[in-house]
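Student: here's a sequence, model it:
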Amino acid sequence: MQGKQITLEEAVWLYQQPLEKLCRKADEIRAHFCSNRFDICTIINGKSGRCSENCRFCAQSIHNHTNAEEYPLLPTEEIVIKAKKNDEQGVLRYSIVTSGKRLSDKEINQMCGAVQQIREKTGIAVCISFGLLNEEQYRKLRAAGVTRVHNNLETSRKNFSNICTTHTFEDKINAIKAAQAAGLSVCSGGIMGLGETPEDRIDMAFTLRELRIKSVPVNMLNPIPGTPFENNKRMTSEDMCRIVAIYRFILPDASIRLAGGRGLLADKGKSCFQSGANAAISGDMLTTAGITVETDMKLLRGLGYEVGYGNE
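Tutor: Below is the predicted model of the structure:
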């Protein structure tokens with residue numbers, strides 16, 4: 001609050017402190033930098049399955065053996081209809097997410113048309129997650145009306161090769177920097193429960209700070225049968241509160257966004273929203289059920305939050 005940044009060593013020390021006090025202080029930081037604004041978004045699985053990448057947590061990878069649905073790019077009309085519904089429910093951001101390493105130029109052109117229609121027919125902001133694109137492709141999407149790119153780091157640089165070997169941590173960094181160079185804001189975070197250490201979690205947060213990321217999804221692994229991580233130990237509410245609290249200390253003015261796996265928590269993330277988190281993905285996730293927008297809006301009102309854009 002005095003304008004200084006904590007060090008890596010301080011973050012490691014903080015991570016070990018009593019949970020209740022850590023969470024209380026993190027929430028004070030959240031209130032100081034972000035007031036009571038709560039940034040809420042939804043996603044649509046715009047293209048599902050048959051992904052060439054071998055991410056060990058993912059239901060959509062061809063390297064894993066799951067029952068995930070497979071289909072090509074959804075028709076523009078279907079994407080626009082869902083955007084309009086979310087806009088009417090008071091959702092701020094709507095993200096089109098597609099499987100695969102990256103969309104082709106032809107697919108990007110199709111998605112540009114969908115984005116243009118959404119911007120013409122709604123007031124909702126449009127985000128995209130189309131894989132490892134280049135600056136030219138991002139500029140085309142920005143011209144169509146996209147405001148934000150989502151690209152998770154997933155884990156720390158050190159741990160990344162334990163999660164995926166078909167692309168690298170540097171590939172992720174380069175795509176994020178390309179999006180920023182194209183004038184787009186970036187949403188990037190990771191998944192907790194992949195077998196990482198507390199130091200890995202903290203290291204990823206420091207990388208996000210270096211990249212000046214202001215929207216940070218904190219996913220909790222939902223162990224899916226047929227993936228290499230199907231038997232991973234499930235994270236607890238206390239685990240997630242500790243993580244979002246330490247992220248608030250490292251990224252004081254960011255939107256710390258509870259994302260995938262939140263529905264596995266008994267309180268649906270309420271305790272995390274009192275521990276430094278101030279954003280969420282609402283509705284269904286990519287291949288798993290989520291929490292309805294109506295339920296989330298009721299929860300947020302009860303906690304004294306007001307729906308509003310986070311710091312950009």
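
Student: centroid-nearest residue for the protein?
Tutor: Pro217 (3.2 Å; C-alpha atoms, centre = their mean).

Student: now whichever strand or helix holds that residue - C-alpha only, PDB.
Tutor: Using DSSP states H and E, Pro217 maps to strand 215-220. Provided in PDB are the C-alpha atoms of strand 215-220 (Å, rounded to 0.1, in the frame of the first residue of the first chain):
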ATOM      1  CA  SER A 215      -6.300 -10.300 -15.200                       C
ATOM      2  CA  VAL A 216      -5.100 -13.500 -13.600                       C
ATOM      3  CA  PRO A 217      -7.200 -16.700 -13.700                       C
ATOM      4  CA  VAL A 218      -6.600 -19.100 -10.900                       C
ATOM      5  CA  ASN A 219      -7.900 -22.500 -11.900                       C
ATOM      6  CA  MET A 220      -8.200 -25.500  -9.700                       C
END
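
Student: rounded mean pLDDT for that strand, please.
Tutor: For strand 215-220, mean pLDDT rounds to 97.

Student: what's it packed up against?
Tutor: For strand 215-220, the packing partners by 3 or more C-beta pairs under 8 Å, 6 or more residues apart in numbering; DSSP states H and E come out as strand 185-187, strand 190-192, helix 237-250, strand 255-258. (Each C-beta comes from the backbone N, C-alpha and C, glycine too.)

Student: got the angle for the third one vs strand 215-220?
Tutor: Think helix 237-250. Counting by axes from the mean of the first three to the mean of the last three C-alpha atoms, to 10 degrees, helix 237-250 lies at 160 degrees to strand 215-220.

Student: re earlier: between the helices and strands packed on strand 215-220, which gets nearest to Thr76?
Tutor: Closest to Thr76 of these, according to C-beta to C-beta: strand 185-187, at 22.9 Å.

Student: which one of the helices and strands packed on strand 215-220 is the most hemmed in?
Tutor: Mean neighbour count (mean count of other C-beta atoms under 10 Å) peaks for strand 255-258 among these, with a mean of 26.

Student: and the helices in this structure?
Tutor: 8-15, 19-34, 76-88, 105-121, 135-144, 169-181, 198-210, 237-250, 293-302 (DSSP state H).

Student: can you add mean pLDDT and distance to Val97 and give the ones you listed back as a markdown table?
Tutor: Converted to a markdown table, the helices of the chain look like this (pLDDT from 0 to 100; distance: least, C-beta to C-beta, whole Å):
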| stretch | mean pLDDT | distance to Val97 |
| --- | --- | --- |
| helix 8-15 | 97 | 30 |
| helix 19-34 | 98 | 25 |
| helix 76-88 | 95 | 11 |
| helix 105-121 | 97 | 11 |
| helix 135-144 | 98 | 14 |
| helix 169-181 | 98 | 15 |
| helix 198-210 | 98 | 19 |
| helix 237-250 | 98 | 22 |
| helix 293-302 | 92 | 17 |
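
Student: in a markdown table: those, plus distance to Ile44.
Tutor: Output for those, formatted as a markdown table (distance: least, C-beta to C-beta, whole Å):
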| stretch | distance to Ile44 |
| --- | --- |
| helix 8-15 | 35 |
| helix 19-34 | 26 |
| helix 76-88 | 5 |
| helix 105-121 | 10 |
| helix 135-144 | 16 |
| helix 169-181 | 19 |
| helix 198-210 | 25 |
| helix 237-250 | 25 |
| helix 293-302 | 13 |
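
Student: no further queries at this time; thank you.
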